[in-house]
Structure formats: structure tokens, C-alpha cells
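[1] got a sequence here, can you build the structure:
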Amino acid sequence: MQAPVAAVQIDLSQQEPIPADGVAAALALMHSGKLHRYGETDGKPSPVAALEAAFAAELGLPYCVALNSCGSSMFVALKSAGVAPGDAVLSNAFTLAPVPGALAHAGARPVLVDVADDYTIDFGDLERKARASGAKTLLLSHMRGHICDMERLSALCAGLEIHLIEDCAHTMGAGWGGRATGTWGLAGCFSLQSYKHANSGEGGLLVTADADLAARAILYSGSYMFYATHGARPDEAVFERWKYSTPNFSLRMGNLPASLALAQLGPVLVDRCRRWNQRYHWLTAALAGAPGLLVPTRPAREQYVASSLQFSLPGLGRADIQRFLAHCAARGIHIKWFGADEPKGFTSVWQHWRFFGEAQVLPNAERVMAGLCDMRLPLTLSEADCLAIAAVVRDSLARLEGAGA
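    Residues are numbered from 1 along each chain as shown. Presented below is the predicted three-dimensional model:
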């Protein structure tokens with residue numbers, strides 16, 4: 001057997017520094033002490049209001065509400081769309097824990113939809129379960145940046161009278177057919193958590209063109225009666241319809257994360273999207289043809305932002321995948337796996353979400369996710385780093401073959 005490739009020293013969780021403008025704005029804010037978004041006497045627009053206005057403008061939508069996380073944004077979007085406790089809500093099974101968490105927070109009855117081989121939602125299963133459950137809301141996760149055929153999905157939702165809420169935690173700057181994710185349905189929810197496309201540590205942005213949904217979301221977020229200071233809000237008359245019947249959930253964003261995020265929109269985000277895809281192309285090209293490794297072909301109409309890479313090992317059993325992951329880790333490359341028996345780190349799957357209260361049968365998701373591997377692609381990676389990662393992955397697969405896997 002050939003000697004193993006050399007171990008590498010690559011941290012797949014390493015982030016780029018915050019842009020200098022963001023650091024300066026954060027320092028000035030800390031010197032001022034004005035960290036809360038609402039001021040009783042100041043009257044000046046807050047950094048949070050500026051962020052809301054800037055992000056709404058980038059997406060071409062009239063309304064944006066800043067919250068303390070993307071999970072909060074999804075919960076508030078569901079509540080603001082009228083989802084009541086016990087209502088059935090559809091959601092694709094391939095997602096991360098904040099999505100089922102938002103459903104549980106809203107008291108919804110989750111109806112999970114199966115997964116296609118390319119990791120996107122299964123349209124046939126979606127239609128069957130929509131009709132069987134009577135669900136009128138779909139919380140669609142663009143999981144790890146994989147975007148389904150949004151034109152087909154929109155037509156299906158329209159025909160079934162389903163409201164679409166998009167989880168865009170992994171698709172800031174991405175789109176389908178020239179139209180941005182987050183703008184296809186009733187609301188879109190974006191993340192500012194570290195490892196996402198704009199890094200403020202934590203934070204969420206809810207966007208919508210629906211004035212009533214926006215007003216309810218602002219009130220739910222915890223605006224008190226300061227909603228007039230929001231940067232991308234409906235008219236006063238809309239709030240009059242809701243301000244006496246909408247509770248304050250205290251989920252609003254503060255000025256500090258907003259000041260960090262503002263510096264990461266516009267040209268900075270565009271450049272990051274380009275560089276993420278460059279790294280994705282370097283790595284997928286280096287992995288092309290690796291025996292037993294499958295990277296799904298992405299549709300031409302998908303304008304993805306590949307801040308991570310997913311691949312499948314469909315020919316390997318669980319024990320062999322565990323050995324493969326151990327080989328990679330021993331050489332410095334830590335890869336996540338959606339087929340593990342137990343949740344680990346950020347990674348879990350629907351079998352782990354026992355708070356749902358009932359098992360859901362998802363045969364294709366079970367097969368696909370049993371062999372689904374996942375790694376971050378930080379912008380700190382060089383082309384040489386990507387080649388080194390591919391060499392470790394190839395070598396780890398070859399060692400399984402050499403051992404008779």
C-alpha cells in the first residue's frame with residue numbers, strides 16, 4: 001500500500017477578519033454605549049435601522065426586520081403569517097436544528113418532506129403530503145445552499161394555495177434564474193451567524209413584501225411602540241391593525257451586530273460570493289473522478305454561493321464511512337456526516353428531533369443522508385489548500401479500497 005499523504009494544518013472553521021469599516025463602527029458604538037436599537041430621546045437612525053434599510057434595498061423588497069437569530073426570524077415569520085398552534089407546516093427533511101426549532105416554537109405540527117438525490121426537496125412527496133395534511137405553509141430550507149427549481153416550486157405552491165417561507169441561512173447573495181432567494185415567497189429569513197455569508201456572530205434578517213406580515217414581525221420582535229424608527233417598515237396605519245393584539249417576544253437585534261453586518265453587504269458580499277464559488281470549483285475539480293464519491297451536478301439556473309461542499313459516498317456502509325472520516329481527521333481534515341447515529345456539533349437529522357412526538361418515514365432521505373458528508377469552505381482557503389484537502393479525501397478513500405472495503 002502506498003504511503004499516506006502528509007497531514008495538513010487547515011482549519012475549516014477559520015473566518016476572515018471583520019472589514020475595517022465594521023470594526024471602526026463597532027468601536028465607536030461601544031465608546032458611545034448606545035448598544036440598544038431604540039433610544040427614547042435621540043431620534044437618530046440606529047445601525048439596526050440602517051441595516052434593515054440596506055438589506056431591503058439589496059433584495060428589492062420594501063420591508064426588512066432585524067432579529068437576534070435566523071431561528072427567531074423563522075419563528076416570527078411563521079407567527080406573522082398566521083400559523084397557529086397545531087397547524088400543519090411542511091418542511092424539507094434535509095435541514096438543521098433551528099428549522100424544526102422554529103416549528104416547535106410556533107407550536108406547528110411538522111410534516112417533513114422527503115429529499116431528492118441532489119439534496120433538494122422532493123416535489124412529488126411535497127404534493128402528496130400537502131394534499132394529505134392540508135398544510136397551507138411550507139418552510140423551505142435552502143439547506144447548505146442547495147436551491148431547488150424555484151419556478152416549479154412557486155407554481156406548485158400557488159396551485160395548492162400554500163404560503164412559502166424561505167430559510168435562506170446559506171443563500172445570502174444566491175438566487176435562481178436571476179431572482180434572489182428570499183424573494184420568492186411570503187417571507188425570507190437570512191442568517192448573520194458566524195460561518196454564514198455575513199458574520200456578526202449571531203443575527204437574523206426577515207424580508208417580505210407583505211405589509212401586515214412586516215408590521216406583525218416588527219411588533220413580535222420587541223419594538224415596543226418604537227416601530228416608527230425602523231428602517232424598512234410599513235405605514236403607521238398597518239401597525240394600528242396589530243399593535244394591541246401582538247405580543248412582544250424580545251427577539252430584536254442590537255446595534256453592535258448590526259454595525260458589524262452593515263460593513264459586509266454590497267460589494268463585500270458580492271466579492272465573497274465570487275471567492276466562495278472559486279474555492280468550490282477548485283475543490284470539486286480536484287475531487288472529480290474520485291472512486292465512490294459523488295458531487296451532484298448543479299442546475300444552470302441555480303446561482304449558488306458555495307460556502308460549503310457536500311458529497312455522497314453511496315457505495316460505502318456505515319462502518320466504512322466512519323473509517324473514512326477517521327482517516328481524514330487523522331490527516332487534519334474534519335468532515336461532518338449526516339448519517340451518524342447521534343447528533344454531533346451543529347449536525348443533526350430528523351431522527352434526532354424526538355420533540356416532534358411522532359416518527360416520520362422518509363425513505364429517500366434516509367438513504368441519501370446515510371452517505372452524505374459535509375465540509376465548510378472558509379474564504380481563508382487557498383487553491384493549494386483545496387488541492388491538499390482533495391488529496392487527503394482521495395487517499396482516505398483509497399486506503400479503504402486497499403483494506404478491502
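[2] count of residues packed around the residue lying closest to residue 235 once chain neighbours are set aside?
    Spatially, and ignoring its direct neighbours in sequence, residue 235 is nearest to residue 211 (7.4 Å; Cβ to Cβ, 6 or more residues apart in numbering). Placement of C-beta: from N, CA and C, glycine included. The number of residues packed near residue 211 is 17, by other Cβ atoms under 10 Å.
[3] ok, now which ones touch residue 211?
    62-63, 234-235, 238 (Cβ atoms under 8 Å, 6 or more residues apart in numbering).
[4] which of these tops the neighbour count?
    With neighbours taken as other Cβ under 10 Å, the top of the contacts of residue 211 is residue 63, carrying 24 neighbours.
[5] thinking that residue is in contact with residue 214, fair?
    Yes - between residue 63 and residue 214 there is a contact at 3.6 Å, judged by Cβ atoms under 8 Å.
[6] overlap of the contact sets of those two?
    Counting by Cβ under 8 Å, 6+ apart, the shared contacts of residue 63 and residue 214 are 208, 233-234.
[7] in strands, which of these fall?
    residue 208 (DSSP state E).
[8] would you map the helices across the protein?
    For the chain, the helices defined by DSSP state H occupy 20-32, 47-59, 70-80, 98-105, 123-133, 150-160, 211-221, 236-242, 255-262, 267-287, 318-330, 363-370, 383-402.
[9] relative to the whole chain's centre, how far out is the third one?
    When distances are taken as Cα atoms, centre = their mean, to the nearest Å, helix 70-80 is centred 13 Å away from the chain's centroid.
[10] likewise the shortest one?
    The gap between the average C-alpha position of helix 236-242 and the chain average comes to 31 Å, counting by Cα atoms, centre = their mean.
[11] now for residue 307, how many residues are close by?
    26.
[12] and the most centrally placed residue in the chain, how far from residue 68?
    For the chain, the residue sitting closest to the mean C-alpha position, by Cα atoms, centre = their mean, is residue 169 at 2.2 Å. Per Cβ to Cβ, to the nearest Å, residue 169 is found 14 Å from residue 68.
[13] now swap in residue 38 and tell me
    14 Å.
[14] follow-up on the earlier one: with the shared contacts of residue 63 and residue 214 in mind, which one is nearest to residue 284?
    Closest approach between the shared contacts of residue 63 and residue 214 and residue 284, by Cβ to Cβ: residue 208, at 34.5 Å.
[15] am I right that the closest one is in contact with residue 183?
    No - the criterion here is Cβ under 8 Å, and residue 208 misses it with residue 183 at 9.3 Å.
[16] show me which of the two is the more surrounded one.
    Neighbours per residue, other Cβ under 10 Å: of residue 208 and residue 183, the larger number sits with residue 208, 28 against 19.
[17] who is the more buried one paired with across the strands?
    residue 63 (DSSP bridges).
[18] what residues does it make contact with?
    Contacts for residue 208 (Cβ under 8 Å, 6+ apart) come out as 61, 63, 77, 186-188, 214, 217.
[19] tell me how many other residues surround the residue lying closest to residue 5 once chain neighbours are set aside.
    Residue nearest to residue 5 in three dimensions, not counting chain neighbours: residue 395, with 4.4 Å by Cβ to Cβ, 6+ apart. By the criterion of other Cβ under 10 Å, residue 395 has 17 neighbours.
[20] hmm, back to that, ok, the contacts of residue 211 vs residue 379, which is closest?
    Out of the contacts of residue 211, the member with the shortest distance to residue 379 (by Cβ to Cβ) is residue 63, at 30.3 Å.
[21] who's in contact with that closest one?
    Residue 63 neighbours (Cβ under 8 Å, 6+ apart): 56, 207-211, 213-214, 232-234.
[22] what of residue 26?
    By Cβ under 8 Å, 6+ apart, residue 26 lies in contact with 18, 256, 259-260.
[23] quick one: which of the residues you listed has the most company?
    Highest count within the contacts of residue 26 by other Cβ under 10 Å belongs to residue 259, 27 neighbours.
[24] please report how far it lies from residue 73.
    19 Å.
[25] hang on, the earlier thing: how about TSV for the shared contacts of residue 63 and residue 214, with distance to residue 265 and pLDDT added?
    As requested, the shared contacts of residue 63 and residue 214 are exported to TSV (distance: Cβ to Cβ, whole Å; pLDDT from 0 to 100):
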residue	distance to residue 265	pLDDT
208	18	98
233	19	97
234	22	98
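[26] show me what contacts the residue lying closest to residue 130 once chain neighbours are set aside?
    Nearest non-adjacent residue to residue 130, counting by Cβ to Cβ, 6+ apart: residue 160, 4.9 Å away. Counting by Cβ under 8 Å, 6+ apart, residue 160 touches 127, 130-131.
[27] residue 343: which of the shared contacts of residue 63 and residue 214 is nearest?
    The closest of the shared contacts of residue 63 and residue 214, once distances to residue 343 are taken by Cβ to Cβ, is residue 208, at 31.7 Å.
[28] tell me how many other residues crowd residue 362.
    Residues near residue 362, counting by other Cβ under 10 Å, number 22.
[29] confirm for me that it is in contact with residue 112.
    Yes - here residue 362 reaches residue 112: they are 6.0 Å apart, a contact under Cβ under 8 Å.
[30] what sits in contact with each of these two?
    With Cβ under 8 Å, 6+ apart as the test, residue 362 and residue 112 both reach 93, 350.
[31] re earlier: with distance to residue 334 added, can I get the contacts of residue 63 in TSV?
    Shown next, in TSV, are the contacts of residue 63 (distance: Cβ to Cβ, whole Å):
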residue	distance to residue 334
56	37
207	34
208	38
209	41
210	42
211	46
213	40
214	41
232	39
233	43
234	46
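[32] which of those residues lies closest to residue 354?
    The closest of the contacts of residue 63, once distances to residue 354 are taken by Cβ to Cβ, is residue 213, at 31.3 Å.
[33] chain neighbours aside, what residue packs nearest to the closest one?
    Closest to residue 213 by Cβ to Cβ, 6+ apart is residue 80, at 4.6 Å.
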